[in-house]
Every structure is written in C-alpha cells, then in structure tokens.
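Engineer: Just a sequence and a predicted model for now, questions to come.
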Amino acid sequence: MGTSPSADRFAIPDDHLRFMALQASLLAADALTEPAMRSDSRANALTRAYGLVMALRGPAHSLGFAEFRTLVRGPVAGLLPPGCPPEGLEAIYAINPKTGERNVELEALEGEFGEVARECGVLPYWPWLRQELTEHKAYALFRKGGNQAAYILRRSFVIRNAAGTQAMLQMMPKELNDLYGRVPEDRVYDRRCFLCPLCRWPMQVLPNGPIVTVSCANRDHRDRGARYLFDDDGLDRAPRLVRTRDVRDRLLAPAASDAIVHEAARVLMVDPACWRSHVIPGLLETALHDELSSRGVQVELWPEMDRYDLRVIVAGRQPRVWKIDVKDVLSVDALINRLDRKNADGTGLHLVVPDRLSSDVPLLRRRLSSTGWKVRTASQLAREVCRAQGVPWR
Ligand SMILES: [Zn+2]
C-alpha cells in the first residue's frame with residue numbers, strides 16, 4: 001500500500017487519494033452537467049468537490065478554483081497530487097470531452113475504488129457507511145432465516161427482476177418488498193419507462209428536442225445494444241424505440257433485443273446501489289448457471305451461504321469440481337488492488353471475468369500469481385467444464 005510523498009504529512013494512503021478524486025469528480029460532474037440543478041446546489045456541490053481535491057492534494061499542491069474547474073474536465077488522474085500512481089484513472093473522464101455528457105459509470109467506479117480504499121481500513125468515511133447500509137440491507141434480507149434454498153430464491157429473484165410491473169412482482173418472496181420502490185422522474189418520459197432488455201432496470205432518458213435517447217447506465221449493456229432513439233411525434237401512443245446499432249449475439253453476452261416499455265406508475269424497481277452491487281454482478285453468475293445447467297452440468301449458485309459464487313461438479317470416474325468467484329468489474333486495476341489489499345487467498349478457486357475482459361487475463365494472472373487464483377474468462381471456463389462433461393459448449 002503506497003503513500004505519495006506529497007501526502008506524507010497527512011498520511012493519506014494512495015488508495016484513498018484515488019477514491020477521493022473519483023468522489024470529487026462525481027460531485028463536480030453532477031454540478032457541471034445537470035441542467036435541472038438549482039444554482040445554490042450547484043455552487044454547493046462544486047465547493048464540496050473543490051474542498052475534497054484540496055484535501056487530497058495537500059497544501060504543497062493546492063490549486064486555484066479556476067484551475068480545478070479546468071482539471072475536472074480532464075482525466076480524473078489530473079486531480080491527484082504528483083507521485084500518486086493513477087491505476088487506471090488516467091483513462092477515466094468524469095465528463096465526456098467530446099459530448100459534454102456526464103460519465104454514467106462514475107458511481108460504479110467510485111464503488112470499485114472505494115472497496116479498495118476500504119480494505120486499508122484507515123479512515124472511517126461516511127459514504128461507505130451509506131453504501132454498506134444499502135448493500136447489507138439486501139444481503140440481510142437474502143440471508144434472513146439462514147436457509148440456503150431461500151437465500152438462492154431471493155437473490156436470484158432480485159437479479160432476474162431488477163424491475164417489473166406490480167403484477168409481475170406478485171411472485172416476489174415477501175421479504176424482498178422493502179428493496180423495491182417507484183421509478184424516479186428522471187427515468188420517466190411521458191408517463192412511460194423503458195427497461196433494459198439485459199438487466200430489466202429502467203434506462204436513462206435524455207430528451208434533446210423531439211429526439212429522445214434511452215440507454216442503460218451499464219456500459220457493457222450499451223455496448224451490447226441497449227441504447228435506443230425515438231422521435232416524440234406528440235401523439236399519445238407508445239413510442240417506437242430504434243436500437244442505435246446492431247451487435248453480434250454471443251453465448252454469455254447476448255445482444256440487447258427491444259426495450260421493454262411500461263407505464264411507469266405500474267413499475268417498481270430496486271435502487272441504484274442494489275442494481276450496481278447485486279444485479280449487475282449477478283447477471284453473469286446466473287447466465288453461467290443457466291447455460292451450464294441446460295447442458296446437464298451440475299451447478300450450484302452461492303454454495304454455503306455465499307462462500308463463493310458457483311460450484312460446478314462434473315461426475316464420473318474422476319469427478320471434477322470448480323469453485324468459482326465471478327468478478328464483473330469496470331476497473332481491472334481496482335480489482336487487483338482490492339484482492340491484494342484483502343490478502344485474498346484464492347487457492348483452489350477460479351476467478352472468472354466476463355469475456356470482454358479477455359485481454360486483461362494475462363495481467364490478472366501475472367499480478368495474482370502468488371495468490372493461487374486460476375483466472376479464466378467466462379467462455380474459457382464454460383468450455384473447460386463442457387469438455388469434462390463431454391457435451392458441446394457451442
Ligand atoms: Zn442494462
């Protein structure tokens with residue numbers, strides 16, 4: 001765990017500096033891009049962001065307010081004091097320099113870098129409490145009663161139903177009631193909301209004149225086609241959403257089909273923290289479970305109340321078992337740092353990442369070589385299991 005020379009006198013570890021830079025970027029980006037924000041709230045958010053940046057840089061590298069406003073539009077790493085390794089923040093922009101739009105992944109990245117910072121256990125920091133409260137609320141509801149079958153049922157339900165109409169949610173285990181709420185106004189257009197076909201959560205709505213853009217807040221889902229346009233013709237009928245591009249369908253990463261349109265008043269959804277910390281990472285876990293089970297492979301989700309994510313068993317004369325942790329992350333740097341800070345022992349475990357991170361697998365193998373993890377992409381793992389089971393993967 002490093003500490004930058006500039007921050008020595010405050011002894012703020014580098015992991016915290018990167019997390020604080022992301023927090024400041026998040027605050028500032030909202031203030032600079034949210035048209036509906038009141039001017040006093042805007043000034044307040046910018047001042048708080050500036051205060052955070054001054055604190056993380058320390059007096060040796062203080063900035064003027066104008067300089068801070070310029071830096072906020074550059075890569076997040078620009079806010080760090082000299083000597084603090086950026087660990088991926090050099091490529092992350094809070095505000096897209098081409099379109100001027102706010103990066104919708106900032107919360108997720110802030111969460112991933114926050115988990116790394118939390119591992120050094122130095123400063124208790126209130127945003128973590130807030131984040132942990134929401135995460136733990138869901139976990140506590142999944143675990144209630146300590147029954148493994150009920151745990152799987154509840155957790156799978158939330159992953160497969162991030163939102164739905166009240167009629168659809170009637171099947172919901174009643175313990176989960178508290179996780180669902182109304183769709184907020186900024187995800188509603190003309191009484192309607194639009195669910196991403198991949199995660200089934202209401203997509204973001206961005207009107208620009210009569211042309212309305214609707215897209216999932218998850219980058220991977222957008223890359224797989226969950227971005228649509230429609231022309232508001234002023235008539236009172238359900239709009240026809242057109243996908244902005246066609247994407248190849250892949251086995252564990254299907255292309256987005258049509259958006260699901262509902263009357264917003266009839267829809268309930270989980271909150272953003274639950275969507276980010278349970279639904280998004282859970283989608284690849286359940287996809288692997290479903291695809292392998294459908295080929296006759298024995299798969300258990302979250303065995304022993306979530307000791308790890310999946311246990312895969314291929315029976316036979318020499319039975320084989322795979323114990324799998326699935327890590328669907330945005331930042332591979334943050335993942336490596338988190339496992340490193342945690343001193344996570346991966347002996348006997350497979351660490352599985354989505355196929356889109358295949359080019360990062362050599363880096364993960366190298367950096368985690370002493371921890372015992374066996375690193376695979378989801379498709380590599382599935383192919384390996386199917387070969388052992390004697391069934392085709394494709
Ligand atoms: Zn989605």
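Structural biologist: Great, that's in hand.
Engineer: For the residue lying closest to Q298 once chain neighbours are set aside, give me the pLDDT.
Structural biologist: Among residues not flanking Q298 along the chain, I313 sits closest, at 4.4 Å (C-beta to C-beta, 6 or more residues apart in numbering). Backbone N, C-alpha and C define where each C-beta goes, glycine included. As predicted, I313 sits at a pLDDT of 96.
Engineer: What is the neighbour count of H289?
Structural biologist: Other residues lying near H289 total 22 when counted by other C-beta atoms under 10 Å.
Engineer: Run through the residues that contact it.
Structural biologist: Listed by C-beta atoms under 8 Å, 6 or more residues apart in numbering, the contact partners of H289 are V299, L301, L310.
Engineer: For my notes, confirm the first one occurs in a strand.
Structural biologist: Yes: secondary structure of V299 (DSSP: H, G, I helix; E, B strand; the rest coil): part of a strand.
Engineer: what is the mean pLDDT for whichever helix or strand A108 is part of?
Structural biologist: For A108, the host element (DSSP states H and E) is helix 106-119. For helix 106-119, mean pLDDT is 86.
Engineer: Run through the neighbouring helices and strands of that helix.
Structural biologist: helix 14-33, helix 126-143, helix 332-342 (3 or more C-beta pairs under 8 Å, 6 or more residues apart in numbering; DSSP states H and E).
Engineer: what angle separates that helix from helix 14-33?
Structural biologist: Here the directions of helix 106-119 and helix 14-33 differ by 160 degrees (axes from the mean of the first three to the mean of the last three C-alpha atoms, to 10 degrees).
Engineer: List the contacts of helix 106-119.
Structural biologist: 13, 15-16, 18-19, 22-23, 25-26, 29, 92, 94, 125, 127-128, 131, 218, 272, 276-277, 280, 329-331, 334-335, 337-338, 341-342.
Engineer: Contacting the ion as well, which ones from the residues you listed?
Structural biologist: By C-beta under 5 Å from the ion, the members of the contacts of helix 106-119 lying near the ion are N218.
Engineer: picking that back up, could the contacts of H289 be laid out in TSV, adding neighbour count, pLDDT and distance to D223?
Structural biologist: Compiled in TSV, the contacts of H289 are given as follows (neighbours: other C-beta atoms under 10 Å; pLDDT from 0 to 100; distance: C-beta to C-beta, whole Å):
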residue	neighbour count	pLDDT	distance to D223
V299	20	97	27
L301	21	97	26
L310	23	97	24
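Engineer: Among the residues you listed, which one sits closest to the ion?
Structural biologist: Nearest to the ion out of the contacts of H289 is L301 (C-beta to the ion; 20.5 Å).
Engineer: For L169, see how far away that closest one is.
Structural biologist: L301 sits 21 Å away from L169, going by C-beta to C-beta, to the nearest Å.
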